[in-house]
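> Would you be able to build a 3D model of this:
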Amino acid sequence: MRTEEKIMTLHPKGKKGVNILKRRYDIIKDFILKTIAKYGEISYEKLDDIAVKQIADSFDGKITWYIVTVKLDLEARGIIERIPKTSPHKLRLKI
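So this is what the prediction gives:
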């Protein structure tokens, strides 16, 4: 049996990342980037709500956990950013 490819995520505050399946990472990453691009800026809560509605049927993992993990990874990689002084915090594309 072939083992699936994994990716080690990063954390914006330098904490230890987690090793997750690359196929799940890619699904969530694409979803996050497309959704932020569509809205311009979006709260984390709204992003998570949309994810649960749109991909719950086809995704084989805990969506909220993956959204948090991949969101932090994308922040650490400088692809998205938290908008300063927003409460609840909002996200936007950085690239």
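> ok, Gly17 touching Tyr25?
No: at 10.9 Å, Gly17 and Tyr25 do not qualify as touching, with contact defined as CB atoms under 8 Å. C-betas here are computed from N, CA, C, even on glycine.
> Looking only at neighbour counts, state which of the two leads.
In terms of neighbours (other CB atoms under 10 Å), Tyr25 is the more surrounded of Gly17 and Tyr25; the figures are 19 against 15.
> Check which helix or strand the more buried one maps to.
helix 22-39 (DSSP states H and E).
> list the helices and strands that helix packs on?
strand 6-8, helix 44-55, helix 63-76, strand 80-82, strand 90-93 (3 or more CB pairs under 8 Å, 6 or more residues apart in numbering; DSSP states H and E).
> Next up, the contacts around Ala37.
Applying CB atoms under 8 Å, 6 or more residues apart in numbering, we find Ala37 in contact with Leu93.
> can you redo the helices and strands packed on helix 22-39 as TSV with distance to Lys38 and mean neighbour count?
Output for the helices and strands packed on helix 22-39, formatted as TSV (distance: least, CB to CB, whole Å; neighbours: other CB atoms under 10 Å):
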stretch	distance to Lys38	mean neighbour count
strand 6-8	24	14
helix 44-55	9	15
helix 63-76	16	19
strand 80-82	13	18
strand 90-93	11	18
